[in-house]
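Q: here is my input; please provide its structure:
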Amino acid sequence: MKLHSLRGKKLPTYLFLALCFNLVIAPVVYAASSNELSRSQAWAISLLGLGTAGLAAYLFFVMFAPEKF
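A: Modelled structure (predicted):
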């Protein structure tokens with residue numbers, strides 16, 4: 001039961017860290033677009049990129065260690 005409660009608290013931490021990392025990535029995307037994108041679009045693109053990278057890392061791990069799942 002304690003393991004489940006610890007596992008449940010990791011998700012908000014990971015989401016918080018992703019949003020903090022997005023504070024670094026979003027201005028870079030906004031600057032690279034030379035003002036063709038709005039700030040909200042830059043945030044959305046950087047969050048989409050973070051989600052894609054996270055999903056790719058997860059699927060890569062699942063392919064090479066399927067016995068853990």
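Q: and whatever helix or strand Lys9 lives in, what does it pack against?
A: Per DSSP states H and E, Lys9 falls inside helix 2-32. In terms of contacts (3 or more CB pairs under 8 Å, 6 or more residues apart in numbering; DSSP states H and E), helix 2-32 is packed against helix 39-64. C-beta coordinates here come from the backbone N, C-alpha and C atoms, glycine included.
Q: check which helices and strands the helix it packs on sits against.
A: Here helix 39-64 touches helix 2-32, going by 3+ CB pairs under 8 Å, 6+ apart.
Q: now Ile25. Nearest residue, chain neighbours left out?
A: When the adjacent residues along the chain are set aside, Ile25 lies closest to Ser46, with 4.1 Å between them (CB to CB, 6 or more residues apart in numbering).
Q: number of residues surrounding Asn22?
A: Applying other CB atoms under 10 Å, we find 17 residues neighbouring Asn22.
Q: now the angle between helix 39-64 and the helix-or-strand element of the chain with minimal mean pLDDT, please.
A: Counting by mean pLDDT, DSSP states H and E, the chain has its least confident helix or strand at helix 2-32, which shows a mean of 76. Relative orientation of helix 2-32 versus helix 39-64 (axes from the mean of the first three to the mean of the last three CA atoms, to 10 degrees): 130 degrees.
Q: so what's the residue positioned nearest the centre of the chain up against?
A: The geometric centre of the chain, computed from its C-alpha atoms, lies nearest to Leu50 (CA atoms, centre = their mean), at 3.7 Å. By CB atoms under 8 Å, 6 or more residues apart in numbering, Leu50 lies in contact with Ala18, Phe21, Asn22, Ile25.
Q: and if you look at Arg39?
A: Contacts for Arg39 (CB under 8 Å, 6+ apart) come out as Ala26, Tyr30.
Q: try 6 Å this time
A: When contacts are counted by CB atoms under 6 Å, 6 or more residues apart in numbering, Arg39 touches Tyr30.
Q: quick check: it vs Gly51, distance?
A: In this view, Arg39 and Gly51 are 19 Å apart by CB to CB, to the nearest Å.
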